[in-house]
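A.B. asks: here is a sequence with its predicted model. Questions after.
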2 protein chains.
Amino acid sequence: MQLLPKGKKILALSGGVGGAKLALGLRHCLPPRQLTVVTNTADDFEHLGLSISPDLDTVMYTLAGMNDQERGWGLSGESWTNLAALEQLGGDTWFQLGDRDLATHLIRTQLRASGKNLAEVTAYLCRKLGVAVKVLPMSNDPVRTIVQTEKGEMGFQQYFVRERCEPKVSSFRFSGVESAAAHPEFLSLLRDDSLAGVVICPSNPFVSVEPMLALDGVRDALSNCHAPVIAVSPIVGGKAVKGPTAKMMQELSMPTNATAVAEYYRDILDGFVIDACDASEAQGIEAMGINTLVTPTVMQSLQDRIDLAEQVARYAVRLAQPDLVV
Amino acid sequence: MQLLPKGKKILALSGGVGGAKLALGLRHCLPPRQLTVVTNTADDFEHLGLSISPDLDTVMYTLAGMNDQERGWGLSGESWTNLAALEQLGGDTWFQLGDRDLATHLIRTQLRASGKNLAEVTAYLCRKLGVAVKVLPMSNDPVRTIVQTEKGEMGFQQYFVRERCEPKVSSFRFSGVESAAAHPEFLSLLRDDSLAGVVICPSNPFVSVEPMLALDGVRDALSNCHAPVIAVSPIVGGKAVKGPTAKMMQELSMPTNATAVAEYYRDILDGFVIDACDASEAQGIEAMGINTLVTPTVMQSLQDRIDLAEQVARYAVRLAQPDLVV
């Protein structure tokens, strides 16, 4: 039995590791043509002269089943010979590129230099890695998250990897976002009859999702979307399932709970998915006018990912028929 | 006992593997400050967006004791994980870059992009790898060997690696050589009182040595050099010790013997070193006005390299005192 009516699609918005888990779940419960994953590119950067797109790579590797689950990032079966040699030569090694991963960046850099845009490169890499789902960069134009911290401004990867998210943050800006165009298929899918729902994956709201929302036309298209827009809370039991979301919320003087995330997204949300352990917050979120689904959201096993994805897809179908929502 | 008088230097001109063997021998029998190795850069190329200098790397790795002697090229203890990943992604793999070697090219490309010239990058890499001898690129400007073959023109690495030297060659040209400047230290050392001798290593005369000679001012400086200019024959017993030299000589309708190499270099040579097995050619070469040293020249062991280097250095000293030459 299909989760979605024939010809209908889910658009998932994903950052890196946390979002990719739900994207993988969706990939397992939907046929490839019924899923498009738009991925944050504001944490892209240049390193050793290479064009690196960490979130795109995480989504792609995860959908290809090539991600390392124990380490939590990068490729499984990775080796680090090049990194050791770089270190001997005094090269930058704070951003760890594995020998296999490096091939992705070499190919991307080469194809970009030959004139291909980021979406074309991504499609090429996905084809080579056997990823049948459409993975789109949020934009073909460069957008770069700059983190304002107590130690001054720094690029996202410098903050995230080199500084291990330690400096206290005060704000973020997305350099280039004013002139960047959302990928045309991203915007058109938001307005297309085939759209059954938008799923904002449990990614960091400030640095993974916000850059996508900040692209011209995206927030409006989400606010006015004919299909339900659903977010899955990245905060469970007052903690971030992954990454610095909770720490950032504290530093931004926000309560570190699911409600604060719902509040952050309230202009665009139809539905919000919170973990069973946060059930007590449901009433308050509903009071903001956001329908709420309470369900286990922590994705440890593959089955957890599939179960949550199935719940979210069914939820989108239900929200699209408001009379049926209890 | 020192081979050279205090303050005197040997300038070695080297291509890749064959030349690097003698350079290593010279490194073992001379203090670092008494040896400068100028290296061919006309086989440099761009691959996967990386700046690759095969001869410079071979010389550098050899002097650092890091070269793979069994395989005959590249680094010892090399691994090939990146290459396998590149292949999966449909990348170019005909030029095999090992995981460790790749670090050299990443660093070189990054430093070049930051504005450092090739000599500065080479000095940096040598310092990091513990190479105390001065290794200089023949020029900081790009020169590229183009091989004219029966299958059309092709870049040197395409000919050498991708086509495995199989197409019959008819001529060579060195794209960019007219506007390239020999490295200033290369030219100035040729005119400097400290020069005790120039050693043209047993490298390919056409594609390893000729690009250096073709740089403006170099052939003149060698012809008029106050110090002896000595070449070691890359042809032994009618065969090339390494690489396509003999095959090229046949295709260029030259006899494949040491004499033909001496003839090729005759305008610049004071002395020529031929292998004991070619002793019968000595008289003919002497008849061209080129002093000849007959000695074992095939370098299998490290001791062979040191022995030949010592012979060549002593020969330079003898040739500089013509009255003493018997």
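C.D. replies: Arrived safely.
A.B. asks: going forward, measure contacts and count neighbours with C-alpha atoms only.
C.D. replies: Fine.
A.B. asks: between the two ends of stretch A:151-162, what distance do you get?
C.D. replies: 13 Å (C-alpha to C-alpha, to the nearest Å).
A.B. asks: off-centre distance for it?
C.D. replies: Distance of stretch A:151-162 from the chain centroid (C-alpha atoms, centre = their mean, to the nearest Å) equals 19 Å.
A.B. asks: who's in contact with it?
C.D. replies: A:43, A:45, A:94-95, A:144-148, A:165-168 (C-alpha atoms under 8 Å, 6 or more residues apart in numbering or on different chains).
A.B. asks: what's the most distant pair in those?
C.D. replies: For those, the maximum inter-member distance is 21.6 Å, found between A:F45 and A:K168 (C-alpha to C-alpha).
A.B. asks: quick one on the thing from earlier: list only buried entries from the contacts of stretch A:151-162.
C.D. replies: A:D43, A:F45, A:R144, A:T145, A:I146, A:V147, A:Q148, A:C165, A:P167, A:K168 (16 or more other C-alpha atoms under 10 Å in any protein chain shown).
A.B. asks: gap between the second one and chain B?
C.D. replies: Here the distance between A:F45 and chain B works out to 14 Å (C-alpha to the nearest C-alpha, to the nearest Å).
A.B. asks: name the nearest residue to that residue, ignoring sequence neighbours.
C.D. replies: Spatial nearest neighbour of A:F45, excluding adjacent residues (C-alpha to C-alpha, 6 or more residues apart in numbering or on different chains): A:I52 at 5.4 Å.
A.B. asks: then the fourth one?
C.D. replies: Once its chain neighbours are removed from consideration, A:T145 has its nearest residue in A:F174; the separation is 4.5 Å (C-alpha to C-alpha, 6+ apart).
A.B. asks: how many residues are close by that neighbour?
C.D. replies: A:F174: 22 surrounding residues under other C-alpha atoms under 10 Å in any protein chain shown.
A.B. asks: that one: helix or strand, and which one exactly?
C.D. replies: Applying DSSP states H and E as the criterion places A:F174 in strand A:169-175.
A.B. asks: who does that strand touch, helix- and strand-wise?
C.D. replies: Applying 3 or more C-alpha pairs under 8 Å, 6 or more residues apart in numbering or on different chains; DSSP states H and E, we find strand A:169-175 packed against strand A:144-149, helix A:245-251.
A.B. asks: and the average pLDDT for the longest one is what?
C.D. replies: What it means is helix A:245-251. The average of the pLDDT scores along helix A:245-251 is 96.
A.B. asks: how close does the closest residue to A:M60 other than its chain neighbours sit to A:I306?
C.D. replies: Closest residue in space to A:M60, ignoring its immediate chain neighbours: A:C126 at 6.5 Å, by C-alpha to C-alpha, 6+ apart. Taking C-alpha to C-alpha as the measure, A:C126 falls 21 Å from A:I306.
A.B. asks: how about the residues of chain A that lie near chain B?
C.D. replies: Counting by C-alpha under 8 Å from any C-alpha of the partner chain, the positions of chain A adjacent to chain B are A:48-49, A:79, A:81-86, A:88-91, A:99-104, A:106-107, A:109-110, A:125, A:128-129.
A.B. asks: ok so, going back, nearest to A:C201, of the contacts of stretch A:151-162?
C.D. replies: Closest to A:C201, out of all of the contacts of stretch A:151-162 and judged by C-alpha to C-alpha, is A:D43, at 16.5 Å.
A.B. asks: now do the contacts for the closest one.
C.D. replies: Counted by C-alpha under 8 Å, 6+ apart, A:D43 has contacts A:S53, A:P54, A:D55, A:R144, A:T145, A:F156, A:Q157, A:V207, A:S208.
A.B. asks: re earlier: now do the strand holding A:F174: everything it contacts.
C.D. replies: Contacts for strand A:169-175 (C-alpha under 8 Å, 6+ apart): A:42, A:143-150, A:206-207, A:211, A:248, A:251-252.
A.B. asks: okay, buried residues for that strand please.
C.D. replies: A:V169, A:S170, A:F172, A:R173, A:F174, A:S175.
A.B. asks: closest to B:T259 out of the residues you listed?
C.D. replies: Comparing these against B:T259 with C-alpha to C-alpha places A:S175 closest, at 66.6 Å.
A.B. asks: look up which residues are beta-bridged to the closest one.
C.D. replies: A:R144 (DSSP bridges).
A.B. asks: list the buried residues in stretch A:288-299.
C.D. replies: Buried residues in stretch A:288-299 (16+ other C-alpha under 10 Å): A:I290, A:N291, A:T292, A:L293, A:V294, A:T295, A:P296, A:T297, A:V298, A:M299.
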